[in-house]
Every structure is written in structure tokens, then in C-alpha cells.
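K.L.:
Generate a structure from the sequence data that follows.
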Amino acid sequence: MKPRILAICIHNSARSQMTEEFIRKRCGHRVDVLSAGIEPGSINPVVADLLKEDGIDITGKATRSVFDLHRAGERFDYVIAVCDPEAAERCPIFPAEKKRLHWPFPDPSKATGTLEEKFQYIRPIRDTIKEQVDQFCEQLERGEL
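P.N.:
Alright, predicted model coming up:
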């Protein structure tokens with residue numbers, strides 16, 4: 001059975017979505033991956049546009065509640081919090097959770113200004129998430145996690 005991974009953040013609108021999609025693209029053949037938020041909102045349109053640069057289309061994708069997944073009895077081997085430490089502490093512990101990881105990334109919702117300025121703020125966050133996912137998938141493939 002494939003390991004199950006859950007990426008979580010506050011709104012499931014940006015960081016956790018990017019993490020989910022990059023894991024799916026990089027090592028989805030080895031794992032099942034979802035993302036969810038503590039207070040689900042809607043997908044950040046700038047993030048959706050930036051993911052298209054990587055060949056990933058999340059147009060029309062809905063956000064999920066981490067608490068709905070918990071109540072449904074979902075089980076995850078790895079829970080990856082991609083938000084600040086305070087928010088990560090508010091996430092529930094899942095039954096059979098093998099490992100909890102914390103990858104703090106800046107919040108894309110703090111991007112302001114023109115569309116291009118938002119791209120300039122969020123693009124490095126996206127790239128850092130992609131690098132972290134590559135390292136994670138390499139560690140999984142080597143059996144180090």
C-alpha cells in the first residue's frame with residue numbers, strides 16, 4: 001500500500017495546494033497525497049496561475065477542511081504542515097500518523113500590489129516548496145523517512 005500524505009496550512013488556498021501538487025507530480029506514483037486547511041478558503045488565483053508554469057492546472061479545484069478529513073477517519077502516514085508554527089499546532093493528530101513534518105513557508109496571501117508584484121512575491125515561495133518536495137521525495141525513495 002502506498003504511503004498517504006497530507007499537506008496542511010490555514011486556508012488550503014496556496015502553500016498546501018502547491019505542496020500537494022508538487023508531491024503528486026514528483027512522486028505521486030509512490031504515494032497518495034491530499035491537502036487541507038484549518039479554515040478552508042478558496043484557491044489563490046495567483047498560485048493557480050503560477051502552478052500552470054509547471055504544467056499543473058488546479059482550475060476549479062475545491063479546498064478541504066482538515067477537520068472533515070479527521071472526522072471521516074482518514075489516515076495519513078505523513079502530515080506536513082506548511083504554515084507558521086502556531087497554526088501547525090492547531091492541526092489535529094491523525095490516527096496512525098507515522099510522522100509529522102513542519103515546513104514553514106511565507107504566506108502567499110500577504111502578497112500585495114499589481115499582479116506582477118504578486119507573482120514576484122509568490123514565485124520564490126513556489127520554487128522553495130518545489131525544492132523541499134524534491135528532497136522529501138528523494139528521502140522517501142531512499143527509505144530515509
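K.L.:
and Glu20, what element?
P.N.:
Under the criterion of DSSP states H and E, Glu20 resides in helix 15-27.
K.L.:
Report all helices and strands that that helix contacts.
P.N.:
Counting contacts by 3 or more C-beta pairs under 8 Å, 6 or more residues apart in numbering; DSSP states H and E, helix 15-27 packs against strand 4-9, strand 32-37, helix 45-52, helix 115-141. All C-beta atoms are positioned from the backbone trio N, CA, C, and that covers glycine.
K.L.:
Deepest-packed of the ones you listed, please.
P.N.:
Compared across the helices and strands packed on helix 15-27, strand 4-9 shows the largest average neighbour count, a mean of 27 (mean count of other C-beta atoms under 10 Å).
K.L.:
Might you report the residue contacts of Tyr78?
P.N.:
The contact partners of Tyr78, by C-beta atoms under 8 Å, 6 or more residues apart in numbering, come to 3-6, 97-101, 145.
K.L.:
Only the buried subset of these, as a ChimeraX command please.
P.N.:
This is the ChimeraX syntax for the buried subset of the contacts of Tyr78, where burial follows 16 or more other C-beta atoms under 10 Å:
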select :3,4,5,6,100
